[in-house]
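Undergrad: The following comprises the amino acid sequence and a computationally predicted model.
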Amino acid sequence: MQTLEQPRQESVLAVTGGESSGGAGTSPLGGPPIKGRVLVAYGSRFGNTQRIAESLAAGMRKASGVAVDCSYLDEVSIENLRRYDLLAIGGPTEKMSASKPMKEFLAKLSTTALRGKRGFAFDTRFDLPMSGSAGKVIEKSLERLGVEIVRPHASAFVRGMNKEEKALYGNIATPEWVRNLDKSIPREAAAKPGHLDLLCPGSEGTFEKIGTELGAIFASPPPLLAGASTA
């Protein structure tokens, strides 16, 4: 179990700065022309959703000409979202819905024009019928803003905390009906959230594959318009 918070890694293209040094449509590193810019934005309580987001971004980066930024929610500049072609947004499922920070982030999206952009939502959650899904909430929010969903939302499953972990971190993110069944566990955390490995095996590999699929959207040539000549 890891309890030390690890520094967040920033990508090559800064989401809060100006345009990349290579200019629109060119690679800042002298590589192939940039066909698409992707932002993977995530919220994470214990670092598990962060790992999934980074795996997703790693898969996308395998595609030629795809520039990918992977950033924590509070590092994202809303006004700069217009530069991205695809927005992949994800976070942990808490109280059968999206977390409070995620809901606040989604509320800010209405202040910028996103209609016509592509989107993908993801989350981490329990593999239970009544666990809810942050990804579903995020996906619906993007659809209301006119974002084209390129793939149905996906979930990475996490295990529940053991008794020692609950005693240390509390269960504030647990649905009310679950809390009521286990009143012996404190609701408030005794320690600040650190990195705690709760992901089920294989989750990171699965999301890297999903990232590869999403990256292929930009790597493939656009379909021919109806009636266009192939000569």
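TA: Received, thanks.
Undergrad: residue ranges for the helices of this structure, please.
TA: 48-60, 100-108, 134-144, 163-169, 176-181, 203-219 (DSSP state H).
Undergrad: Tell me which of these lies nearest to Leu114.
TA: helix 134-144 (7.5 Å; CB to CB). Just so you know, the C-beta spots here come from the backbone N, C-alpha and C atoms, and that holds for glycine as well.
Undergrad: Packing partners of the closest one?
TA: On a contact count with 3 or more CB pairs under 8 Å, 6 or more residues apart in numbering; DSSP states H and E, helix 134-144 meets strand 86-94, strand 97-98, helix 100-108, strand 118-125, strand 148-149.
Undergrad: could you give me the average pLDDT of the third one?
TA: Just to be clear, that refers to helix 100-108. On average, the pLDDT along helix 100-108 is 96.
Undergrad: List the buried residues of it.
TA: Going by neighbour count (16 or more other CB atoms under 10 Å), the buried part of helix 100-108 is 101-103, 105-106.
Undergrad: Could I get the contacting residues of Glu79?
TA: Counting by CB atoms under 8 Å, 6 or more residues apart in numbering, Glu79 touches Thr112.
Undergrad: Find me the pLDDT at it, would you?
TA: In this model, Glu79 carries a pLDDT of 92.
Undergrad: With Leu181 instead?
TA: On the pLDDT scale, Leu181 gets 61.
Undergrad: Equivalent analysis for Leu168, please.
TA: 76.
Undergrad: Relative to Asp127, how far out is it?
TA: Between Leu168 and Asp127 the distance, using CB to CB, to the nearest Å, works out to 23 Å.
Undergrad: Hmm, Phe122 and Pro92 touching each other?
TA: No: using CB atoms under 8 Å as the test, Pro92 is too far from Phe122 to be in contact (10.5 Å).
Undergrad: Need the helices and strands packed on helix 134-144 in a markdown table (columns: distance to Ser155).
TA: Listed next are the helices and strands packed on helix 134-144 as a markdown table, based on distance: least, CB to CB, whole Å:
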| stretch | distance to Ser155 |
| --- | --- |
| strand 86-94 | 8 |
| strand 97-98 | 13 |
| helix 100-108 | 14 |
| strand 118-125 | 5 |
| strand 148-149 | 15 |
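Undergrad: I'd like to know which of the ones you listed lies nearest to Cys200.
TA: Nearest of the helices and strands packed on helix 134-144 (CB to CB): strand 118-125, 9.6 Å.
Undergrad: What pairs with the closest one, parallel or antiparallel?
TA: strand 86-94 (parallel), strand 148-149 (parallel), strand 154-157 (parallel) (DSSP bridges).
Undergrad: coming back round to it: identify, out of the helices of the chain, the most deeply packed stretch.
TA: helix 48-60 (a mean of 24; mean count of other CB atoms under 10 Å).
Undergrad: Tell me, domain by domain, which residues of the protein belong where.
TA: If you go by automatic domain parsing, the domain ranges for the chain are 36-160+198-219, 161-196.
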